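Engineer: okay, structure incoming, though there's no sequence with it:
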Ligand code: ADP
């Protein structure tokens with residue numbers, strides 16, 4: 001370009017020199033120079049007009065106008081640069097198209113929104129699963145279209161570690177698992193997965209366990225009844241039969257405990273017929289449980305202390321909470337050697353309420369803690385025969401807490417005792433009110449009490 005520029009300047013200087021020579025020869029120097037400059041200006045204007053037309057009408061992609069010298073070089077360069085830009089743009093467009101094609105091929109719905117939930121883009125599966133329409137829904141706020149309150153709360157909470165399960169707004173027979181991720185400038189990527197099959201399987205499993213447990217209860221009641229009659233008349237039986245009947249009675253009561261817990265767990269899991277809105281006097285409830293725990297401790301003489309640091313109550317389901325708290329307190333008795341200490345406390349702060357059960361018992365190896373609330377999981381399987389547990393107690397506690405928007409924290413070390421903390425969110429706390437109707441005695445999961453104490 002530099003080269004063309006100096007050639008152009010030389011050409012202009014040469015033209016002016018010729019005009020000046022001609023002017024001197026004709027004795028008209030100034031007019032000759034003016035004519036030469038006017039000619040140069042007109043040519044430049046013509047080139048500018050061609051450039052403007054080229055840019056204005058056809059765009060740079062049309063063929064460049066032909067010209068000579070500096071202008072010719074300028075047209076060619078602009079044309080070349082435009083071609084390079086065009087190629088980059090084509091490549092980017094092809095890449096975006098490919099990404100969109102691949103997300104459209106996904107079975108999961110994908111939606112991109114800004115931080116306020118304004119929808120920018122979504123794939124075909126999102127149209128099917130969430131009922132969005134390409135023509136009209138762009139720019140709409142996503143929670144105006146997915147009108148489930150839980151979804152809006154999930155979107156606004158900005159805590160997307162766990163996915164959310166909702167019913168499809170477009171196809172109510174579908175269950176969707178929604179997971180949001182943050183990207184870019186506080187934008188959101190919403191992925192909706194169809195988990196209907198999994199949901200139905202889970203439902204079938206729960207129904208199956210519930211039904212089988214109910215069905216087994218009747219024959220077991222008959223067997224236990226006859227065994228009891230036989231035990232009552234055991235003095236008339238030969239000694240070897242007495243031993244057999246005692247063993248059968250023990251196993252029958254273990255099975256009864258197991259069935260009772262399975263039925264309780266499946267009822268809690270489905271949240272069936274349960275309104276979690278009664279006002280519960282926690283202090284009074286744990287007071288009764290502690291009394292029962294002292295009875296359970298019996299000769300082992302644990303020191304069981306109760307400390308009520310708050311007079312606030314809980315909003316929840318009485319029988320579920322009673323099961324959960326008594327399971328924790330009775331477990332402390334079961335897993336703490338004779339004479340050990342057990343502290344039960346209820347306190348509240350601005351984050352919510354805490355029911356803590358702390359013991360000086362055998363403790364739990366940290367490797368087991370994440371799995372303790374699974375059904376039938378035992379930290380020490382060899383020991384459960386002595387305690388007569390069903391292995392369902394902490395699973396019941398976990399589900400009761402889920403139903404009350406709470407969570408269970410476990411801190412423990414082998415040989416140093418354990419601490420179980422039920423944390424309830426502050427929305428679950430209510431001010432103390434009138435005493436609720438008289439409550440019955442504690443009903444832990446039945447297996448918590450060793451046979452003979454139930
Ligand atoms: P189980 O009927 O066996 O007691 P749970 O579900 O109540 O079943 O408890 C699961 C396991 O957690 C128990 O088998 C035991 O190993 C452990 N565990 C529960 N509570 C305590 C505790 N307070 N101290 C030590 N280990 C405990």
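Structural biologist: Okay, I see it. Predicted model, so just to flag it, every value in this text is computed and none were measured.
Engineer: got the contact list for residue 369?
Structural biologist: 410, 412 (Cβ atoms under 8 Å, 6 or more residues apart in numbering). To be clear about C-beta, it is placed using only N, CA and C from the backbone, and glycine gets the same treatment.
Engineer: which residues of the stretch 201-350 of the chain fall in strands?
Structural biologist: Taking DSSP state E, counting those that start in this stretch as the criterion, the stretch 201-350 of the chain carries its strands at 278-280, 303-308, 313-316, 341-349.
Engineer: ugh, typo on my part, it should be the stretch 351-454 of the chain
Structural biologist: 352-359, 407-412, 418-425, 429-430.
Engineer: save these as CSV, and put in distance to residue 280 too.
Structural biologist: Listed next are those as CSV, based on distance: least, Cβ to Cβ, whole Å:
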stretch, distance to residue 280
strand 352-359, 10
strand 407-412, 17
strand 418-425, 10
strand 429-430, 9
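Engineer: how about those strands in JSON lines, adding distance to residue 211, mean pLDDT and mean neighbour count?
Structural biologist: Converted to JSON lines, these look like this (distance: least, Cβ to Cβ, whole Å; pLDDT from 0 to 100; neighbours: other Cβ atoms under 10 Å):
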{"stretch": "strand 352-359", "distance to residue 211": "33", "mean pLDDT": "97", "mean neighbour count": "21"}
{"stretch": "strand 407-412", "distance to residue 211": "28", "mean pLDDT": "96", "mean neighbour count": "17"}
{"stretch": "strand 418-425", "distance to residue 211": "30", "mean pLDDT": "97", "mean neighbour count": "20"}
{"stretch": "strand 429-430", "distance to residue 211": "36", "mean pLDDT": "94", "mean neighbour count": "16"}
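Engineer: quick one: pLDDT of residue 14?
Structural biologist: With respect to pLDDT, residue 14 scores 89.
Engineer: next, count neighbours for it.
Structural biologist: For residue 14, the tally of surrounding residues (other Cβ atoms under 10 Å) stands at 10.
Engineer: one step back: may I see the strands of the stretch 201-350 of the chain organised as JSON lines, with distance to the ligand, mean pLDDT and mean neighbour count added?
Structural biologist: Below are these laid out as JSON lines (distance: least, Cβ to the nearest ligand atom, whole Å; pLDDT from 0 to 100; neighbours: other Cβ atoms under 10 Å):
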{"stretch": "strand 278-280", "distance to the ligand": "22", "mean pLDDT": "92", "mean neighbour count": "18"}
{"stretch": "strand 303-308", "distance to the ligand": "13", "mean pLDDT": "97", "mean neighbour count": "15"}
{"stretch": "strand 313-316", "distance to the ligand": "20", "mean pLDDT": "94", "mean neighbour count": "23"}
{"stretch": "strand 341-349", "distance to the ligand": "9", "mean pLDDT": "97", "mean neighbour count": "18"}
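Engineer: closest to residue 6 out of those?
Structural biologist: Judged by Cβ to Cβ, the one of the strands of the stretch 201-350 of the chain that comes nearest to residue 6 is strand 341-349, at 82.3 Å.
Engineer: what angle do the closest one and strand 418-425 make?
Structural biologist: Here strand 341-349 runs at an angle of 20 degrees relative to strand 418-425 (axes from the mean of the first three to the mean of the last three Cα atoms, to 10 degrees).
Engineer: give me the contact list for strand 341-349.
Structural biologist: For strand 341-349, using Cβ under 8 Å, 6+ apart, the contacting residues are 282-283, 286, 289-290, 293, 302-310, 312, 329, 332-333, 336, 353-360, 426, 429.
Engineer: apply 6 Å and report the result again.
Structural biologist: 282, 286, 290, 302-310, 312, 329, 332, 354-360, 429 (Cβ atoms under 6 Å, 6 or more residues apart in numbering).
Engineer: if anything else comes up later, I'll come back, but that's it for now.
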